[in-house]
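Engineer: sequence first, then the predicted structure, then my questions.
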Amino acid sequence: MASSEEDGGGNGAVEEKEKGKKRKLGALATAWLIFYNVAMTAGWLVLGIAMVRFYIQKGTHRGLFRSVQKTLKFFQTFALLEVVHCAVGIVRTSVLVTGVQVSSRIFMVWFIAHSIKQIQNEESVILFLVVWTVTEITRYSFYTFNLLNHLPYFIKWARYNFFIILYPAGVAGELLTIYAALPYVKKTGMFSLRLPNKYNVSFDYYYFLIIVMFSYVPLFPQLYFHMLRQRRRVLHGEVIVEKDD
Ligand SMILES: CCCCCCCCCCCCC[C@@H](O)CC(=O)SCCNC(=O)CCNC(=O)[C@H](O)C(C)(C)COP(=O)(O)OP(=O)(O)OC[C@H]1O[C@@H](n2cnc3c(N)ncnc32)[C@H](O)[C@@H]1OP(=O)(O)O
């Protein structure tokens, strides 16, 4: 995930390398990515509209997760394809960075919010839902317009500025939600395996969640600094060479 930066001022070899990486996508790959990004933009838009409508009609966030969970699960799980896109090389993004981003979201959706019903009405769940929705509508519309070579500047600006606030806000929502889940996990012993058992292994989901929370400390800055580098590259034209994973 590490990257090194070259001085933007006239390093020809680096610029050539950077240009060389901007290869043309095949027609099929482009068509697929346009379809994928349009579908994802639409999916997150539907989710956003459903959340706003729910709140206007009910005047409370209680029950909101339950009412939008099917759409959320479908589109967030569909995002696993992003790891595939990187792995097969049709998008120029690190498999590792994308893998961490997508797996942490899938984990939040399926192994926390879906599995632990008692925390679904926590404000922190709404916080990460709102943050993810704004982020993804911006991000997928950015990719779509970019592929169509008609990228409005405000979408580009939003893609590379919103995350400065949204990323920490999303992480706060996720961590507070996991924290709220801990007492239920401890009480029920869910997803845990106690000894003695026929496999002779033990697993404690409660401690696993604590490890997951601590893993944000080294991993989140990697994602955040990756986005800051992307921001400098795209908005300020700095030449940045990412080392291969
Ligand atoms: C099993 C338990 C696991 C537990 C793990 C716990 C670890 C937790 C640590 C992680 C915390 C994450 C928390 C997170 O969920 C919180 C939030 O998301 S809050 C909301 C704010 N978030 C964001 O703003 C970030 C959103 N995420 C991303 O942007 C990406 O996922 C990321 C991989 C981080 C960065 O994206 P990327 O590297 O792709 O940057 P670019 O957008 O600039 O794109 C680079 C080039 O690739 C092209 N591209 C990429 N995707 C596509 C696509 N779908 N279609 C077309 N083109 C695509 C893009 O155009 C760029 O091309 P070029 O270089 O030619 O311009």
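Structural biologist: Nice, thanks for sending it over.
Engineer: rest of the way, CA atoms for contacts and neighbours
Structural biologist: OK.
Engineer: any low-confidence regions in the chain?
Structural biologist: Low-confidence segments of the chain (pLDDT under 70): 1-24, 240-245.
Engineer: tell me the residues on it that lie near the ligand, please.
Structural biologist: Residues of the chain lying close to the ligand by CA under 6 Å from any ligand atom are 22, 33, 37, 91-93, 97-98, 100-101, 103-105, 107, 131-132, 135, 143, 163, 166-167, 170-171, 212, 215-216, 219-220, 223, 230.
Engineer: which among the residues you listed count as buried?
Structural biologist: Buried positions within the residues of the chain next to the ligand, assessed by neighbour count (16 or more other CA atoms under 10 Å), are 33, 37, 91, 93, 97-98, 101, 103, 105, 131-132, 135, 143, 163, 166-167, 170-171, 220, 223, 230.
Engineer: inside helices: which ones of those?
Structural biologist: Under the assignment DSSP state H, those contribute 33, 37, 97-98, 101, 103, 105, 131-132, 135, 143, 163, 166-167, 170-171, 220, 223, 230 to helices.
Engineer: for the chain, identify the residue most remote from the centre.
Structural biologist: Distance from the C-alpha centroid of the chain peaks at residue 196, with 38.2 Å (CA atoms, centre = their mean).
Engineer: how is that residue assigned, secondary-structure-wise?
Structural biologist: Under DSSP: H, G, I helix; E, B strand; the rest coil, residue 196 falls in the coil class.
Engineer: would you list the phi and psi of it?
Structural biologist: phi -80, psi 150 (degrees, to the nearest 10).
Engineer: then residue 91?
Structural biologist: The phi and psi values for residue 91, taken as degrees, to the nearest 10, are phi -120, psi 150.
Engineer: nearest residue to it other than its sequence neighbours?
Structural biologist: Spatial nearest neighbour of residue 91, chain neighbours left out: residue 85 (5.8 Å); criterion: CA to CA, 6 or more residues apart in numbering.
Engineer: residue 157 against residue 235, yeah?
Structural biologist: Yes. With contact defined as CA atoms under 8 Å, residue 157 counts as touching residue 235 (7.5 Å).
Engineer: in contact with the most centrally placed residue in the chain, which residues?
Structural biologist: Nearest to the geometric centre of the chain sits residue 101, at 4.5 Å (CA atoms, centre = their mean). By CA atoms under 8 Å, 6 or more residues apart in numbering, the contact list for residue 101 reads residue 223.
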